[in-house]
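# need a 3D model of the following:
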Amino acid sequence: MNQPKTELKINKGQRFPLTIKRMGIDGEGVGFFKRQVVFVQGALPGEEVVCEAVKVSHKFATAKIVKYRKKSPDRTTAPCPVYDECGGCQLQHLSYEGQLREKKDVVRQAFERYTKIDLEKIDFHNTIGMDEPWHYRNKSQMQVGLAKGKVIAGLYSSNSHKLVDIPECIVQHSQTNKVTQTVKQIVQDLKISVYNERKHKGFLRTIVTRVGFKTGEWQLALVTAEKEFPRKELFLEEVNRRLPDVTSVIQNVNSEKTSLVFGDETIVLSGKEKLEEKLGEFTFHLSARAFFQLNPIQTEKLYDAAKKAAGLTGEENVVDAYCGVGTIGLWVADKAKELRSMDVIEESIADAKKNAANHNIEAVYEVGKAETWLPKWEKQGWKADVVIVDPPRSGLDSSLIDTLIRTTPKRIVYVSCNPSTLAKNVKDLSKGGYKLKSLQPVDMFPQTAQVESVALLERN
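Just a heads-up that it's a prediction; the model follows:
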């Protein structure tokens with residue numbers, strides 16, 4: 001006999017008291033009313049609020065705060081003037097100590113939800129934070145628009161298509177803000193047209209600025225809807241005059257109706273094609289479209305945590321799967337017997353080979369997937385002792401999990417940007433003979449709800 005479904009006993013528009021128990025994965029407060037989960041944007045753990053249901057489904061409700069009965073001692077005033085509109089940050093109203101504590105709990109919740117692992121029995125460390133958790137992002141990507149005839153640049157508001165003008169983003173490196181604001185003014189002065197998404201007309205779509213924290217180089221990339229650049233020479237003269245420190249000006253053409261920022265064609269308008277940046281002792285050359293970690297200060301801490309977890313003695317064969325331009329592999333290469341890496345993007349492998357050669361590091365780089373190369377190398381008599389994985393938010397492919405279980409490396413170091421997929425993948429690897437030994441959360445993006453983690457799994 002079928003059991004009737006439990007219906008949510010909350011109605012849209014209903015007001016009710018709620019105690020916030022935890023922080024959700026998107027930075028929202030989580031509480032329970034009549035045993036149903038309620039998500040409340042802006043509420044903090046430990047707070048008692050009166051809220052109003054704004055959306056109700058059969059699994060959960062979302063609500064907004066009507067009034068506070070008890071505020072968290074960690075609540076603070078967000079310093080950004082457009083914090084409530086922008087949607088780029090979620091936690092500016094929470095003290096930084098509170099952010100680090102709650103991010104560790106978000107990782108804990110994921111493992112409680114998807115596994116039966118007792119985290120008290122492993123090395124579960126406190127979140128590694130920043131000394132200065134502001135102005136840390138090395139790349140700014142601002143959409144361009146018009147408001148009352150004035151050129152604006154910023155981000156779209158949460159869950160809407162309203163463009164919020166951001167004169168100064170306080171999580172961006174201050175130089176990227178300066179470049180964006182100056183370019184906006186030059187575009188206004190020269191009357192260069194701005195792209196209108198609805199009409200699919202106009203020239204300038206996005207201003208992308210990247211800064212080398214350690215080299216002081218600036219790269220300006222203009223994403224345009226057309227290749228023909230109106231008043232190009234005048235524009236470049238003004239950039240050179242007003243922003244003499246810019247070392248690279250790039251045009252990227254994206255004529256498609258798409259939410260993707262970059263198109264396929266890139267043209268160097270002036271200066272260098274690539275920006276130079278350093279991580280530790282390593283130098284990297286970055287094209288406008290190349291992926292690179294957005295917080296170089298925390299990246300070094302993240303890679304140090306991965307290297308520590310790998311526990312290399314100089315006797316291990318190491319694989320860096322999802323290697324990109326080779327950053328993590330190069331970071332651990334001095335302690336590896338041999339390093340082999342792969343990535344599905346051919347350009348990334350070409351860059352990785354150059355980066356390794358520039359630092360006199362001998363390594364093998366192949367285009368393709370780890371699930372192809374690991375068994376192939378094993379047949380050739382080469383076996384991985386340690387595999388480092390740094391997958392996208394979707395986590396590891398099931399085929400790679402199966403391959404790892406079949407090829408039996410001694411240790412897997414998993415660098416994760418999504419606690420939920422990390423926990424699910426650890427559960428699957430546990431079934432194949434691996435045991436979680438340590439978890440290290442790292443705060444790569446202060447003021448946001450995102451948290452990275454480094455997990456160490458060892459073969460039983």
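# kindly list the longest strand within this structure.
Longest strand in the chain, counting residues (DSSP state E): strand 60-70.
# list the contacts for residue 37?
30-31, 59-61 (C-beta atoms under 8 Å, 6 or more residues apart in numbering). Every C-beta, even on glycine, is put in place using the N, C-alpha and C of the backbone.
# nope, residue 129 is what I meant
Neighbouring residues of residue 129 by C-beta under 8 Å, 6+ apart: 96, 99-100, 443, 446.
# so which of these belong to helices?
Secondary structure assignment by DSSP state H places 96, 99-100 of the contacts of residue 129 in helices.
# which one of these sits closest to residue 168?
Taking C-beta to C-beta as the measure, residue 168 sits nearest to residue 96 out of the ones in helices among the contacts of residue 129, at 19.7 Å.
# low-confidence bits of the chain, can you list those?
The model of the chain has pLDDT under 70 over residues 1-8.
# show me the helices in it, by range?
Counting by DSSP H, residue ranges of the helices within the chain are 83-86, 96-114, 174-189, 232-242, 296-310, 327-332, 346-358, 370-379, 398-407, 419-431.
# on that earlier part again, can you redo the contacts of residue 37 as TSV with distance to residue 451 and neighbour count?
Shown next, in TSV, are the contacts of residue 37 (distance: C-beta to C-beta, whole Å; neighbours: other C-beta atoms under 10 Å):
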residue	distance to residue 451	neighbour count
30	16	19
31	21	23
59	24	9
60	22	14
61	25	25
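# and residue 400, how far is that from residue 89?
33 Å (C-beta to C-beta, to the nearest Å).
# same thing with residue 274?
For residue 274, the distance to residue 89 - C-beta to C-beta - is 30 Å.
# nearest to residue 126, out of the contacts of residue 129: which one, please.
Using C-beta to C-beta, residue 100 comes nearest to residue 126 of the contacts of residue 129, at 6.9 Å.
# what's around the closest one, how many residues?
Look at residue 100: counted by other C-beta atoms under 10 Å, it has 20 neighbours.
# could you double-check that it sits in contact with residue 130?
No. Using C-beta atoms under 8 Å, residue 100 is not in contact with residue 130, being 9.4 Å away.
# that older thread, would TSV of the contacts of residue 129 with distance to residue 143 be doable?
Below are the contacts of residue 129 laid out as TSV (distance: C-beta to C-beta, whole Å):
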residue	distance to residue 143
96	28
99	27
100	31
443	26
446	23
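# of those residues, closest to residue 146?
When the contacts of residue 129 are compared against residue 146 (criterion: C-beta to C-beta), the nearest one is residue 446, at 32.1 Å.
# give me the distance between the closest residue to that closest one other than its chain neighbours and residue 367.
Nearest non-adjacent residue to residue 446, counting by C-beta to C-beta, 6 or more residues apart in numbering: residue 133, 3.4 Å away. Using C-beta to C-beta, we find residue 133 at a distance of 38 Å from residue 367.
# just to revisit the earlier point, pull out the buried residues from the longest strand of the chain.
Residues 61-63, 65 are the ones in strand 60-70 that count as buried (16 or more other C-beta atoms under 10 Å).
# go on, stretch 218-232?
Using 16+ other C-beta under 10 Å as the test for burial, stretch 218-232 gives 218-226, 229.
# for the closest residue to residue 270 other than its chain neighbours, list each beta-bridge partner.
Distances taken as C-beta to C-beta, 6+ apart place residue 249 nearest to residue 270, at 4.6 Å, with adjacent residues excluded. Here residue 249 sits in beta bridges with residue 220, residue 270, as judged by DSSP bridges.
# how about the contacts made by residue 249?
Per C-beta under 8 Å, 6+ apart, neighbours of residue 249: 220-222, 236, 239, 268-271.
# and the buried residues of stretch 218-232, which is closest to residue 201?
For the buried residues of stretch 218-232, the residue nearest residue 201 by C-beta to C-beta is residue 225; the value is 7.8 Å.
# touching, that closest one and residue 194? I think so.
No. Residue 225 is beyond contact range of residue 194, at 9.7 Å (criterion: C-beta under 8 Å).
# quick check, central residue of the chain?
residue 417 (6.8 Å; C-alpha atoms, centre = their mean).
# that residue and residue 322: what is the separation?
To residue 322, residue 417 is 11 Å away according to C-beta to C-beta.
# can you list the domains in this protein?
When the chain is parsed with automatic domain parsing, its domains come out as 15-75, 104-131+295-459, 139-286.
# that older thread, the contacts of residue 129, buried ones only, as a ChimeraX selection?
Written as a ChimeraX command, the selection of buried residues from the contacts of residue 129, which uses 16+ other C-beta under 10 Å, is:
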select :96,99,100,443,446
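# let me know the closest of the contacts of residue 129 to residue 455.
residue 443 (16.1 Å).
# correct me if wrong: the residue nearest to residue 446 contacts residue 97.
No. With contact defined as C-beta under 8 Å, residue 133 does not count as touching residue 97 (10.5 Å).
# so between these two, which is more surrounded?
Applying other C-beta under 10 Å to residue 133 and residue 97 shows that residue 133 carries more neighbours, namely 18 against 10.
# quick one, phi/psi of the more buried one?
Here the main-chain torsion angles of residue 133 (degrees, to the nearest 10) amount to phi -80, psi 40.
# how close does it get to residue 404?
Distance of residue 133 to residue 404, given as C-beta to C-beta: 35 Å.
# with residue 269 instead?
Counting by C-beta to C-beta, the gap between residue 269 and residue 404 amounts to 45 Å.
# same check on residue 87?
Relative to residue 404, residue 87 is positioned 37 Å away (C-beta to C-beta).
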